[in-house]
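following is a predicted model, sequence given first.
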Amino acid sequence: MTDPGRLELSRDEMRALGYLVVDTLVEHFERMGEISPAGRGERAELESLLREPPPEQGTDPADLVRFLREQVFTRILHVDHPRFFAFVPSPSNFVAVMADALASGFNGFVGSWFSGSGMAQVELVVVDWLRQFCGLPEGAGGLFVSGGSMANLTCLAVARHVRLEDRMAGAVVYFSDQTHSSVERALRVLGWAGEQLTRLPSGEDFRLDLETLRRAVAEDRAAGRRPFCVVANAGTTNTGAVDPLADLARFCRAEDLWLHVDGAYGASAALAPEARAALAGLEEVDSLSLDPHKWLFQPFEIGCALVREERWLVETFRILPEYLRDVHRSEEEVNFCDRGVQLTRNFRALKLWMSLKAFGAAAFREAISRGLRLAEVAERRLRESGCFEVVTPAQLGVVSFRYAPPDLAAEEAEAINQRLVGAMLADGYAVVTSTLLRGRTVLRLCTINPRTTDQEIAETVRRLARLGENLPG
Ligand SMILES: Cc1ncc(COP(=O)(O)O)c(C=O)c1O
């Protein structure tokens with residue numbers, strides 16, 4: 001390094017490091033399918049590998065990249081791997097990865113127009129593309145945040161402000177027992193007490209049941225409480241179920257309730273024509289969360305909060321401190337710090353802008369359709385195997401199932417299903433996780449990676465069947 005006190009590299013050093021990083025990433029993308037998605041490390045092993053006092057002297061960054069490549073990135077679950085079917089995968093794309101490098105390299109500040117006008121305009125445009133994909137009316141708007149959790153928090157803060165003027169006494173929020181924990185966490189952070197949160201039992205199909213909701217709202221009104229907001233799902237994490245959005249929108253309008261939809265997982269599927277019927281009603285919500293780092297193929301972290309009227313964001317979040325007086329100059333200029341929680345914000349929009357521009361929305365549509373179809377392939381394979389019970393069919397790229405050969409007692413089957421996740425991790429071919437549905441352990445495959453092949457699905461099911469057969473009940 002020419003002058004380490006300036007934390008600077010020479011042109012040649014920068015180029016050499018940059019090329020090494022790019023080569024490392026290209027190899028990751030190119031060879032991913034050849035390695036296991038299930039890298040892991042034990043705590044003790046990682047402690048001895050990584051624990052050290054703060055390093056006083058420098059190390060050649062090329063050696064650090066090599067160390068990371070061999071010792072750290074080998075010990076992670078690869079969420080972008082074509083055989084990663086657990087939780088919700090993040091099958092990112094290389095253009096977006098390079099865009100993240102650009103955004104970080106230029107270190108743009110997208111909190112204000114003053115500091116980042118070009119970037120703020122890109123964000124406005126990309127958010128508007130998402131609005132159009134989801135069918136929200138003109139006048140709706142939003143911003144990018146870290147992910148679905150922050151998007152839920154942002155939308156629910158807007159709901160509280162717009163509907164309640166932040167006065168929460170007696171105000172009740174309703175959601176189904178299939179709702180993601182980030183919703184409850186957001187409500188708690190916003191100050192709701194446990195008794196103001198009504199978790200309704202979902203119906204047979206794991207969807208919010210309108211009649212159950214109607215009764216709960218009527219009872220609360222009769223008891224003097226203030227029904228305020230319904231949180232519905234556009235794709236639950238457990239099963240991909242979509243709550244009856246159009247009916248809920250009608251009900252909420254009639255009852256003067258805010259309808260927030262958590263579409264962190266599933267709303268992106270609105271791009272694909274096959275998913276539109278399932279998502280009907282999405283265009284009628286008051287607010288919507290979606291997560292481009294899930295089914296829009298972006299690397300972490302990018303979530304999006306959309307609200308029906310863009311001005312609500314400013315009404316909720318804007319504060320004008322004196323040290324930002326140079327920032328607030330004209331109403332034309334959009335200051336994203338006035339629209340959410342963060343002041344300092346990076347250029348998250350760039351990766352989605354660059355990948356949508358580079359591949360085109362048609363390619364994204366096709367990639368989403370593949371994920372939908374792969375879940376159907378998985379369902380078919382599971383049914384054909386003779387040893388799996390399909391618990392919920394392929395919906396929005398998720399299928400849930402249990403190992404349950406006809407001659408196996410229920411208790412033994414439960415024990416085997418609980419052990420199958422670990423057995424599959426040890427096998428290393430694919431990563432699959434479990435959940436609980438109506439008290440029973442079920443496995444689920446989330447098949448949204450467009451680079452997964454039918455053969456990989458078939459082989460995963462075959463291995464699960466073989467592992468199940470060899471596990472003690
Ligand atoms: C339905 C749903 N909502 C919210 C979240 C939280 O999103 P994030 O992890 O991006 O904060 C998830 C994450 O898997 C999800 O599936």
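Structure received. Numbers count the residues shown, from 1 in each chain.

so residue 127 touches residue 302, yeah?
No: using CB atoms under 8 Å, residue 127 makes no contact with residue 302, being 11.1 Å away. No exception for glycine: its C-beta is placed from N, CA and C like everyone else's.

name the residue in those two with the higher neighbour count.
Taking other CB atoms under 10 Å, residue 127 and residue 302 do not tie; residue 302 has more neighbours (26 against 23).

related to what we said a few turns ago, who touches both of residue 127 and residue 302?
residue 144 (CB atoms under 8 Å, 6 or more residues apart in numbering).

show me the shaky parts of this protein.
The model of the chain has pLDDT under 70 over residues 1-3.

all strands for it, in order.
141-145, 171-176, 197-200, 226-233, 258-263, 287-290, 303-307, 388-395, 398-403, 433-437, 440-446 (DSSP state E).

from residue 31, how far out is residue 70?
In this view, residue 70 and residue 31 are 14 Å apart by CB to CB, to the nearest Å.

so who does residue 221 touch?
With CB under 8 Å, 6+ apart, residue 221 has these contacts: residue 227.

tally up the residues packed near the nearest residue to residue 411 once chain neighbours are set aside, please.
Among residues not flanking residue 411 along the chain, residue 473 sits closest, at 7.5 Å (CB to CB, 6 or more residues apart in numbering). Neighbours of residue 473 under the rule other CB under 10 Å: 13.

tell me who's in contact with residue 473.
Counted by CB under 8 Å, 6+ apart, residue 473 has contacts 408, 409, 411, 412, 413, 415, 416.

could I get the residues you listed as CSV with distance to the ligand and neighbour count?
Listed next are the contacts of residue 473 as CSV, based on distance: CB to the nearest ligand atom, whole Å; neighbours: other CB atoms under 10 Å:
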residue, distance to the ligand, neighbour count
408, 31, 16
409, 33, 9
411, 30, 9
412, 31, 16
413, 27, 20
415, 27, 16
416, 26, 23
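
now, the residues you listed that are in helices?
Judged by DSSP state H, helices contain the following of the contacts of residue 473: 411, 412, 413, 415, 416.

now residue 309: closest residue in space that isn't a chain neighbour?
Of all residues not flanking residue 309 in the chain, residue 139 sits nearest, at 5.9 Å (CB to CB, 6+ apart).

make that residue 171, sorry
Nearest to residue 171 is residue 228, by CB to CB, 6+ apart, at 4.1 Å.

distance-wise, check that neighbour relative to residue 309.
18 Å.

more crowded one of these two?
Each of residue 228 and residue 309 has its neighbours counted (other CB under 10 Å); residue 228 has more, 23 against 15.

so which bits of this protein are right by the ligand?
When proximity is defined by CB under 6 Å from any ligand atom, the chain lies next to the ligand at 88, 147, 148, 149, 180, 182, 237, 262, 264, 265, 291, 303.

at 8 Å instead, please
Within reach of the ligand by CB under 8 Å from any ligand atom, the chain has these residues: 87-88, 146-152, 179-180, 182-183, 233, 235-237, 262-266, 289, 291, 293-294, 300-301, 303.

related to what we said a few turns ago, isn't the residue nearest to residue 171 right up against residue 163?
Yes: if you go by CB under 8 Å, residue 228 and residue 163 touch, sitting 6.0 Å apart.

where do the contact lists of the two overlap?
With CB under 8 Å, 6+ apart, residue 228 and residue 163 have common neighbours residue 258.

circling back: can you tell me which of the strands of the chain is packed in deepest?
Most buried of those, by mean neighbour count (mean count of other CB atoms under 10 Å): strand 287-290, with a mean of 32.

parallel or antiparallel, which strands does that one pair with?
strand 258-263 (parallel), strand 303-307 (antiparallel) (DSSP bridges).

list the contacts of the first one.
By that I understand strand 258-263. For strand 258-263, contacts defined as CB under 8 Å, 6+ apart pick out 134, 148, 152, 155-156, 159, 162-163, 179-180, 182-183, 228-235, 243, 245, 248-249, 252, 267, 282, 284-290.

can I have it written out in PDB, keeping just the CAs?
Presented in PDB, the C-alpha positions along strand 258-263 are these (Å, rounded to 0.1, in the frame of the first residue of the first chain):
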ATOM      1  CA  TRP A 258     -57.000  -0.100   7.200                       C
ATOM      2  CA  LEU A 259     -55.900  -3.000   5.100                       C
ATOM      3  CA  HIS A 260     -52.200  -3.800   5.100                       C
ATOM      4  CA  VAL A 261     -50.900  -6.700   3.100                       C
ATOM      5  CA  ASP A 262     -47.700  -8.500   3.900                       C
ATOM      6  CA  GLY A 263     -46.600  -9.500   0.500                       C
END
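
that strand vs strand 226-233, what angle?
In terms of direction (axes from the mean of the first three to the mean of the last three CA atoms, to 10 degrees), strand 258-263 departs from strand 226-233 by 20 degrees.
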